[in-house]
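Student: could you work out the structure for the sequence below:
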Amino acid sequence: MTSILRVSLLALFACGFALTGVVRAQPTFQSASPTAGTSTSEKANAMADRAMYQSVEYTNAAKPGAALIVIPGEIKSSNATFIQKFGPNNIADFGELELSKANFQVLERSNLGPILNEFTLAYNLGDANKARNYLRMGKLRSTQYIVKFDILKAEQTASAQQGFDGAVAGRVIGILGAFSGSRGGAEAGAIGQTAVGSIKTGDATGVWVIGMRYKIMNAETTEQVAQGYTEEKMEVGATGTSVMGAAQSQQGGVGLDTMVQRLVQKSVWEIDSKYK
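Tutor: Sure thing, here's the model as predicted:
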């Protein structure tokens, strides 16, 4: 093999290795909605963008955290909508995700297998002897802390609405036109009655308050070593206008899924800042 050919082949291999090291962007997908690109689509997407997942920069993320397990917490709220949508495992999943991002050594609950409920009960009851027995199992030996997130409050605390219905004002205009005594006045009154009577506007807003508590327990003794509480407001609203048969409306707000995740993020931020 000539030296020129050898050099060419080495150059090709080097180029290939360089290409494999290229960092490519995540895939993006286009909307299949028939209204994509319209003004309604742009408004709806703008609202949805504000509800998208937002990554949190944790203060001490560069510092490795303790080994811990997130166990399902409790939902103290009696709100039927919240209870129907959420279970303790959903919240624990968010907790595992965010604590991992904060660089804690999160051990999977799946490692506990079918004894997860008994393991959780041991820590909820403060049964240190039973907890120690579980910690002698394989990967669980390195566990230092148990963390749980509880929902203490989920309630709609306020609502407000306002609107305008032009039907009454339209009838008044029609009556005034009829009393004018002229044909032109009557016709103008009828047109005004139709136009003003068609106007309908309305706004409605509801605000929820959701509160979350976190607890950190010593894995061996089951004693509580730290706790904290945080609340967030969830606002949902709708607005609509109708004039002469032309109508537009908008509705939206952050959902319960997003609210719970944001509360977990706030709690993990505090855990990372104070207890790492």
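
Student: stretch 109-123: which residues count as buried?
Tutor: If you call a residue buried by 16 or more other C-beta atoms under 10 Å, then stretch 109-123 has these buried ones: 109, 112, 116, 119, 120, 122, 123. C-beta coordinates here come from the backbone N, C-alpha and C atoms, glycine included.

Student: how much space separates the nearest residue to residue 256 once chain neighbours are set aside from residue 264?
Tutor: The shortest distance from residue 256 to any residue other than its chain neighbours is 5.5 Å, reached at residue 85 (C-beta to C-beta, 6 or more residues apart in numbering). Per C-beta to C-beta, to the nearest Å, residue 85 is found 15 Å from residue 264.

Student: those two: who's more crowded?
Tutor: Each of residue 85 and residue 264 has its neighbours counted (other C-beta atoms under 10 Å); residue 264 has more, 25 against 14.

Student: show me what contacts that one?
Tutor: 91, 94, 95, 98, 149, 212 (C-beta atoms under 8 Å, 6 or more residues apart in numbering).

Student: farthest-apart pair in those residues, please.
Tutor: Across these, the longest distance by C-beta to C-beta is 12.1 Å; it joins 98 and 212.

Student: and the average pLDDT for the lengthiest helix in the chain is what?
Tutor: Secondary structure assigned by DSSP state H gives helix 256-275 as the longest helix of the chain. In this model, helix 256-275 carries a mean pLDDT of 92.

Student: count the residues that sit near residue 144.
Tutor: Close neighbours of residue 144, defined as other C-beta under 10 Å, add up to 17.

Student: from residue 107, how far out is it?
Tutor: Residue 144 is 10 Å from residue 107, where distance means C-beta to C-beta.

Student: which ones are touching the residue lying closest to residue 75 once chain neighbours are set aside?
Tutor: Nearest non-adjacent residue to residue 75, counting by C-beta to C-beta, 6+ apart: residue 151, 4.6 Å away. Going by C-beta under 8 Å, 6+ apart, residue 151 touches 73, 74, 75, 76, 77, 82, 86, 91, 210, 211, 212, 260.
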